[in-house]
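>>> fold the following and give me the result.
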Amino acid sequence: MTTYGSFPGTRPRRLRTTPAMRRMVAETRLHPADFILPAFVREGVSEPVPIAAMPGVVQHTRDSLKKAAVEAVEAGISGIMLFGVPEEEKKDALGTPGTDPDGILQVAIRDVRAEVGDDLLVMSDLCLDETVDHGHCGVLDAQGRVDNDATLERYAEMAQVQADAGAHVVGPSGMMDGQIGVIRDALDQIGREDVAVLAYTAKYASAFYGPFREAVASSLKGDRKTYQQDPANARESLRELALDLEEGADMVMVKPAGPYLDILARVAEAVDVPVAAYQISGEYSMVEAAAEKGWIDRDRAIFETLTGIKRAGARNILTYWATEAARKLGDR
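Numbers count the residues shown, from 1 in each chain. Purely as a prediction, here's the structure:
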């Protein structure tokens, strides 16, 4: 005689039986509005320049950037984060292109705003690394160290010119102490209380930035370990978070995303402001390289990584797959 009690009465597999069942009980859902597209625009080029270390990503011309912005709107994503790449000879010790109203980033902000208006949030990278001849995120002192407070003065100027160009959101990414408060004050002083500040709250000194160096034609020598966070530290990110919120951050971000999902979860649990995460160049390039080798299913890997980031607590995800992923979500 069969002893039916020997079989499980509770079977979680019942909720996995079909695609429709799995879709109905899914705890985490991706939506096009979750995504923000990082985009590079390079001064002085007539055609988009492929980035070898990031297959499928380019340094845009002004015209191709406008096209990418329109495509982003059509795909339903929320924003575009712009990075300007000035001509090499224009870089200097102070990052003059970063505060020049006619610098490539400011020009690109105006271009995109003219093209898409308020249909897409135009976000601007607020950092000196792309515009200085030494590649660091700030002004150097006589000993070659990044001078925190001198850098803050430059950031204040950058915030004002980016706001004047039409940025909806500025993203200070340099990890200077006090940067959020200085930038908020600078914006308010010119009557731009409407411009939001997305704080790069926990930005780690990561090996995964490698491909980004090519993307922005970085001149960096050495590393950024004296101002970006140590990958060994977690509680430190909560200290940075408290400071950024006190200084007026409207949104906060964890960068990179994948290797720091534990940090992302802790930040998301601690705050009631929107939390973003940046799936950076190295995360992108690893998936693309493995997929090109045939080692992984590219689409499944993309959506698995994005789902993991959102499941950990990100409301918004900066990802180079933003437009593509949004389109594919619409086809599902």
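>>> now the helices for the stretch 101-250 of the chain?
Ranges of helices in the stretch 101-250 of the chain, per DSSP state H, counting those that start in this stretch, are 104-116, 148-165, 179-189, 210-215, 235-247.
>>> list the strands paired with the following helix or strand past the last one, with their directions.
Put plainly, it is helix 235-247. As assigned by DSSP states H and E, the chain's next helix or strand after helix 235-247 is strand 251-255. Strand pairing for strand 251-255, determined by DSSP bridges: strand 196-203 (parallel), strand 275-278 (parallel).
>>> how about these in TSV, adding mean neighbour count, distance to Arg266 and mean pLDDT?
(C-beta placed from N, C-alpha, C; glycine too.) Shown next, in TSV, are the strands paired with strand 251-255 (neighbours: other CB atoms under 10 Å; distance: least, CB to CB, whole Å; pLDDT from 0 to 100):
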stretch	mean neighbour count	distance to Arg266	mean pLDDT
strand 196-203	26	9	96
strand 275-278	26	10	98
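>>> closest to Asp118 out of the ones you listed?
strand 196-203 (13.1 Å; CB to CB).
>>> now the angle from the closest one to helix 235-247?
Strand 196-203 runs at 160 degrees relative to helix 235-247, counting by axes from the mean of the first three to the mean of the last three CA atoms, to 10 degrees.
>>> so what touches strand 196-203?
Contacts to strand 196-203, defined as CB atoms under 8 Å, 6 or more residues apart in numbering, come from residues 123, 168-175, 180, 183-184, 187, 228-229, 237, 240-241, 244, 248-255, 260, 263, 267, 276, 278.
>>> now do 6 Å
Strand 196-203 has contacts (CB atoms under 6 Å, 6 or more residues apart in numbering) with 169-171, 173, 175, 180, 183-184, 228, 237, 240-241, 244, 249-255, 263.
>>> tell me, how many residues neighbour Met21?
12 (other CB atoms under 10 Å).
>>> still on that earlier bit, out of the helices of the stretch 101-250 of the chain, name the one with the poorest average pLDDT.
When these are ranked by mean pLDDT, helix 210-215 comes last with a mean of 70.
>>> looking at this protein, which helix or strand is least sure?
helix 210-215 (a mean of 70; mean pLDDT, DSSP states H and E).
>>> and for Ala165, the neighbour number?
22.
>>> quick one, strands of the chain?
Using DSSP state E, the strands found in the chain span residues 35-42, 49-50, 58-60, 79-85, 121-126, 169-172, 196-203, 251-255, 275-278, 316-318.
>>> nearest to Glu288, of those strands?
strand 49-50 (12.5 Å).
>>> for that closest one, what is the average pLDDT?
94.
>>> by contact count, what packs against that strand?
The contact analysis (3 or more CB pairs under 6 Å, 6 or more residues apart in numbering; DSSP states H and E) places strand 49-50 against strand 58-60.
>>> and the strand it packs on, what does it pack onto?
strand 35-42, strand 49-50.
>>> which residues are contacting it?
By CB under 6 Å, 6+ apart, strand 58-60 touches Phe40, Val41, Arg42, Pro48, Val49, Pro50, Val85.
>>> make a PyMOL selection of the buried ones in those residues.
Of these, the buried ones can be selected in PyMOL as follows, counting by 16 or more other CB atoms under 10 Å:
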select buried, resi 40+41+42+48+49+85
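>>> closest to Lys293 among the contacts of strand 58-60?
Closest to Lys293, out of all of these and judged by CB to CB, is Pro50, at 19.1 Å.
>>> quick one: contacts for the closest one?
Val58.
>>> what do you get if the cut-off is 10 Å, keeping everything else the same?
Gly56, Val57, Val58, Gln59 (CB atoms under 10 Å, 6 or more residues apart in numbering).
>>> thinking the first one is in contact with Ser281, fair?
Meaning Gly56. No - using CB atoms under 10 Å as the test, Gly56 is too far from Ser281 to be in contact (11.8 Å).
>>> which residues do these two both contact?
With CB under 10 Å, 6+ apart, Gly56 and Ser281 have common neighbours Tyr320.
>>> between these two, which is the more surrounded one?
Neighbour count, other CB under 10 Å: between Gly56 and Ser281, Ser281 has more, with 24 against 12.
>>> how close does that one get to Ile51?
Distance, Ser281 to Ile51, using CB to CB, to the nearest Å: 9 Å.
>>> do the same with Ala290
Distance from Ala290 to Ile51, by CB to CB: 18 Å.
>>> when these two are compared, which one has more neighbours?
Per other CB under 10 Å, whichever of Ala290 and Ile51 has more neighbours is Ile51, with 20 against 14.
>>> how close does Pro50 sit to Ala301?
From Pro50 to Ala301 the distance is 22 Å (CB to CB).
>>> ok, Ala68 - contacts?
Leu37, Ala39, Val41, Pro48, Val58, His60, Ile80, Val112, Glu115, Thr323.
>>> tell me which of those residues is nearest to Arg23?
Closest to Arg23, out of all of these and judged by CB to CB, is Thr323, at 23.1 Å.
>>> burial measure for that closest one, as a count.
23.
>>> wait, it touches Gly76, no?
Yes - if you go by CB under 10 Å, Thr323 and Gly76 touch, sitting 9.4 Å apart.
>>> need the overlap of contacts for the two.
In contact with both Thr323 and Gly76: Pro32, Phe35, using CB under 10 Å, 6+ apart.
>>> this completes my enquiry, with thanks.
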